[in-house]
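1. My questions concern the predicted model and sequence given below.
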Amino acid sequence: MNFANLSTPTILLGSIAAAAFLVYFPYLVVAITRFQVGFDISAPRAAFDKMPDYGKRATWAHQNSWEAFILYSAAALMAYITQQNSPTVVNCAIGFTVARLFYSIFYIINFPIGRSLMFGVGSVAIFTLMSMSITSTMN
């Protein structure tokens, strides 16, 4: 997709929607492993101990995705509300989304260095959006 034709507000809001979807990306693996180990609807969390390691990592990736989504959505909305409009904002929005996709993949396949790097990229994007938004209101 050619992001050059999209406005910065559109990219920010679209990245929030994409980040919301990515919260559930690792959960697809969780759901598959739950059914493989014998899912009991009356005790859904009991399946965790029976899951293979990649299923446990997918659970943790899903949980971490919620935590990251909360901070990112706040940062992106701050940038949206303060009308941030720069290539840096666009790069942060796209970078966060791509980093979170790879974060989950690297977590599930047990590639800790890659996972940590993607966590760092996402964290820098959040911090940058928040910093730009806050400093713009000080002028």
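-> Arrived safely. Residues are numbered from 1 along each chain as shown.
2. quick check: mean pLDDT across stretch 122-138?
-> Averaged across stretch 122-138, pLDDT comes to 95.
3. How about stretch 73-88?
-> Mean pLDDT, stretch 73-88: 96.
4. For it, what is the distance to the chain centroid?
-> 17 Å (Cα atoms, centre = their mean, to the nearest Å).
5. what comes up buried for it?
-> Going by neighbour count (16 or more other Cβ atoms under 10 Å), the buried part of stretch 73-88 is 73, 75-76, 78-80, 84. Any C-beta I mention is one placed from the backbone N, CA and C, and that applies to glycine too.
6. want to throw those into TSV with distance to Ile109 and secondary structure?
-> Output for the buried residues of stretch 73-88, formatted as TSV (distance: Cβ to Cβ, whole Å; DSSP: H, G, I helix; E, B strand; the rest coil):
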residue	distance to Ile109	secondary structure
Ser73	26	helix
Ala75	28	helix
Ala76	28	helix
Met78	33	helix
Ala79	32	helix
Tyr80	34	helix
Gln84	35	coil
